[in-house]
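J.: Below is the sequence, then the predicted model.
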Amino acid sequence: MSKRLPPPLAAYYEAKNQHDIDAMLAPFAKNAVVKDEGQEHHGSSAIRSWIEYTTRKYRVTVDVKQIKPADGRLIVSGLVSGDFPGSPAMLRYAFTLSGSKIARLEIA
C-alpha cells in the first residue's frame, strides 16, 4: 500500500486538480478507453469530450489516499470533492497502463 503514483497517473491527477483539460488528456493512449457512470468512451476524441463535460459539470478535485496493484491494474482510492450530491466521496479508479500511457480507466 503506497501513495506513490507512476508518472502517467501523477500527471493525470495533477491536471485533474487544476482542471486542465489538455494536461488531463495527455497521459491517455490514443486508443484508450474510459468507463464512468456506466458509459464507455473510446479514443482521444471521446475521452476529451468526457473530460470537458465532467470537469465543467462537477469541478472535482481528488485527494489520492491509496494505490495498490491488482490483476494487472493499479487501483487508486481517492477522496473526491466537487459539485455533486454526497461530496466528498471515496471513489475507486482502476487504471491499466500500456508503457507510459493510460490504456484504460474505470471509475466506480
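T.: Looks like it arrived, so ask away. Numbering: from 1, shown residues only.

J.: Same question for stretch 11-23: list its buried residues.
T.: Of all the residues in stretch 11-23, those buried under the rule 16 or more other CB atoms under 10 Å are A11, Y12, Y13, A15, K16. For every residue, glycine as well, the C-beta is placed using N, CA and C.

J.: Same list (these) but as a markdown table, adding secondary structure and pLDDT.
T.: Output for the buried residues of stretch 11-23, formatted as a markdown table (DSSP: H, G, I helix; E, B strand; the rest coil; pLDDT from 0 to 100):
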| residue | secondary structure | pLDDT |
| --- | --- | --- |
| A11 | helix | 97 |
| Y12 | helix | 98 |
| Y13 | helix | 97 |
| A15 | helix | 98 |
| K16 | helix | 97 |
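
J.: Pretty sure L105 sits against L97.
T.: No - applying CB atoms under 8 Å, one finds L105 not in contact with L97, separated by 10.1 Å.

J.: If you count surrounding residues, which of the two has more?
T.: Set L105 next to L97 and count neighbours by other CB atoms under 10 Å: L105 wins out with 23 against 18.

J.: ok, of the buried residues of stretch 11-23, which one's closest to D63?
T.: Comparing these against D63 with CB to CB places Y13 closest, at 9.2 Å.
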